[in-house]
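Visitor: Only the shape, not the letters, is given here:
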């Protein structure tokens with residue numbers, strides 16, 4: 001195997017043979033955590049080797065083992081006992097000495113060791129909580145469940161997660177698998193994964209003006225899902241993969257998805273010290289914030305990216321949202337549609353020189369009432385930079401058409417106009433959903449950078465134009481994509497009909513010629529054919 005896609009394809013094929021009646025969405029709670037455990041164990045092996053602590057696995061004295069575990073936890077943030085390393089698990093399986101309870105002991109011991117480092121505990125605590133070792137879909141007996149778990153572990157162990165140059169691609173394989181599970185999870189897939197081509201557009205937009213990282217680049221995703229969008233931003237940054245150059249912040253309400261995000265970032269080499277991921281409701285209360293002179297102030301970011309749940313309900317009745325500093329001066333989004341609540345939360349945490357890119361349903365462009373007032377206030381404050389219309393059916397679980405809204409902090413905005421891009425008709429059709437090709441993506445980004453009118457594709461609208469349209473941002477008001485139908489003169493139509501009728505008559509004569517030659521033509525047959533010709537010619 002030479003690349004992540006090849007390995008993922010084979011791994012996916014093998015895993016599908018094992019999961020039986022279990023859905024792909026449930027099966028991910030086994031194969032992905034075990035992949036992560038292998039990563040943690042092998043990462044610890046490497047840490048011991050680099051720091052001259054390889055003898056740890058041979059130590060038998062309990063007190064000495066404790067000292068080693070404390071030392072390892074200070075360095076890695078976690079520690080794995082010698083009895084529960086990946087190699088030890090594989091050896092027990094191959095020697096038929098493993099029991100189903102051994103897997104539970106493995107995760108329980110990991111959770112215990114995660115408490116050794118208080119600064120890292122939140123990053124590792126209960127990260128394997130979604131592995132339901134007693135699930136009867138793995139088997140009705142203890143032995144059947146043990147065998148199913150053994151098979152999963154052995155599949156993962158079968159692969160060397162390196163490319164032909166020796167580069168570690170385990171994190172890339174993991175992310176591809178998340179995409180596969182999302183594609184097979186139906187509507188639920190859209191809740192934790194943003195298709196990579198859409199992530200690329202968002203990531204490139206928020207990093208397009210970054211020529212180098214001075215200190216740490218801070219990026220925030222308030223609805224992070226599995227964390228793939230955060231990682232895509234890192235890949236687009238110059239020197240973004242250098243240790244400590246990027247600081248990641250993210251929130252996710254779903255516990256299973258939050259665990260996926262923690263694993264995903266760490267398997268891509270992100271040190272726990274450089275990430276602050278939180279399981280919480282983003283709209284329920286403000287986060288993240290910093291302490292200054294005993295007061296909490298909002299933490300600001302160089303980039304904010306998001307693909308929030310579209311038009312979801314949120315609580316505006318039991319809490320006085322008017323007093324929430326995130327929404328002051330702009331307005332409160334309606335109870336039945338939280339889209340602008342996510343926008344305002346992101347803007348509240350955007351640095352004055354930063355960029356935010358967020359995916360939303362088209363309704364945010366033109367819906368009235370409280371949303372119309374929020375939209376007007378955002379535009380009047382000169383924060384909205386670009387509106388990009390995307391094709392329909394790009395996302396897992398929904399076929400609706402979406403748009404990307406790009407916002408810039410006050411210091412980053414160089415003008416008062418708004419760029420509109422209509423990319424809705426340029427895509428590649430797929431079996432289950434539509435896709436954006438590299439050409440489609442490049443055209444969007446090139447148009448975004450050039451900021452010029454492009455016939456039937458883009459328009460730079462002045463603030464006066466926006467006001468003339470009563471702050472309605474519906475893209476067809478600004479980008480005319482109407483194609484006039486070709487008008488054909490009636491004389492040409494009449495001539496073409498005459499030619500067709502003549503061709504039918506010639507065919508009629510040729511047909512009777514052939515029938516006469518066969519001596520099989522009756523007067524009755526000729527009469528029926530004549531009627532048929534008359535119908536065709538009428």
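Guide: All right, it came through fine. None of the values given here were measured: they were computed from a predicted structure.
Visitor: Every contact and neighbour count from this point should use C-alpha atoms.
Guide: OK.
Visitor: by contact count, what packs against the helix or strand harbouring residue 153?
Guide: Here residue 153, judged by DSSP states H and E, is contained in helix 142-157. On a contact count with 3 or more C-alpha pairs under 8 Å, 6 or more residues apart in numbering; DSSP states H and E, helix 142-157 meets helix 4-18, helix 24-50, helix 86-94, helix 100-113.
Visitor: ok, now with 7 Å
Guide: Other helices and strands packing on helix 142-157, by 3 or more C-alpha pairs under 7 Å, 6 or more residues apart in numbering; DSSP states H and E, are helix 24-50, helix 100-113.
Visitor: just how off-centre is the first one within its chain?
Guide: When distances are taken as C-alpha atoms, centre = their mean, to the nearest Å, helix 24-50 is centred 22 Å away from the chain's centroid.
Visitor: What's the mean pLDDT across stretch 343-361?
Guide: Averaged across stretch 343-361, pLDDT comes to 97.
Visitor: where's residue 299 relative to residue 406, distance?
Guide: Distance of residue 299 to residue 406, given as C-alpha to C-alpha, to the nearest Å: 20 Å.
Visitor: So for the two, which residue has more residues nearby?
Guide: More crowded of residue 299 and residue 406, by other C-alpha atoms under 10 Å: residue 406, with 23 against 16.
Visitor: and the gap between that one and residue 111?
Guide: Residue 406 sits 41 Å away from residue 111, going by C-alpha to C-alpha.
Visitor: Just give me the residue closest to the centre of this structure.
Guide: Note on the chain: the residue nearest the mean C-alpha position is residue 194, at 1.6 Å, using C-alpha atoms, centre = their mean.
Visitor: hmm, back to that, could you dump the helices and strands packed on helix 142-157 to JSON lines with mean neighbour count and distance to residue 314?
Guide: JSON lines is the format used below for the helices and strands packed on helix 142-157 (neighbours: other C-alpha atoms under 10 Å; distance: least, C-alpha to C-alpha, whole Å):
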{"stretch": "helix 24-50", "mean neighbour count": "18", "distance to residue 314": "26"}
{"stretch": "helix 100-113", "mean neighbour count": "17", "distance to residue 314": "34"}
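Visitor: Looking at the ones you listed, spot the one closest to residue 167.
Guide: Of all the helices and strands packed on helix 142-157, the one in closest proximity to residue 167, counting by C-alpha to C-alpha, is helix 24-50 (14.3 Å).
Visitor: Helix or strand next in line after the closest one, which one?
Guide: For helix 24-50, the following helix or strand on the C-terminal side (DSSP H and E) is helix 62-76.
Visitor: May I see the buried residues of that next one?
Guide: Going by neighbour count (16 or more other C-alpha atoms under 10 Å), the buried part of helix 62-76 is 65, 68, 69, 70, 71, 72, 73, 74, 76.
Visitor: With stretch 292-301 instead?
Guide: By 16+ other C-alpha under 10 Å, the buried positions in stretch 292-301 come out as 298, 299, 300, 301.
Visitor: Check stretch 409-422 too.
Guide: Buried residues in stretch 409-422, counted by 16+ other C-alpha under 10 Å: 409, 410, 412, 413, 416, 417, 418, 419, 420, 421, 422.
Visitor: and residue 360, what is it in contact with?
Guide: Contact analysis of residue 360 by C-alpha atoms under 7 Å, 6 or more residues apart in numbering lists 310, 402, 403, 404.
Visitor: Nearest to residue 97, out of the buried residues of helix 62-76: which one, please.
Guide: Taking the buried residues of helix 62-76 together and measuring to residue 97 by C-alpha to C-alpha, the closest member is residue 65, at 23.6 Å.
Visitor: Show the pLDDT at the closest one.
Guide: pLDDT at residue 65 comes out at 95.
Visitor: ok, and the closest non-adjacent residue to it?
Guide: Nearest residue to residue 65, sequence neighbours excluded (C-alpha to C-alpha, 6 or more residues apart in numbering): residue 59, at 6.5 Å.
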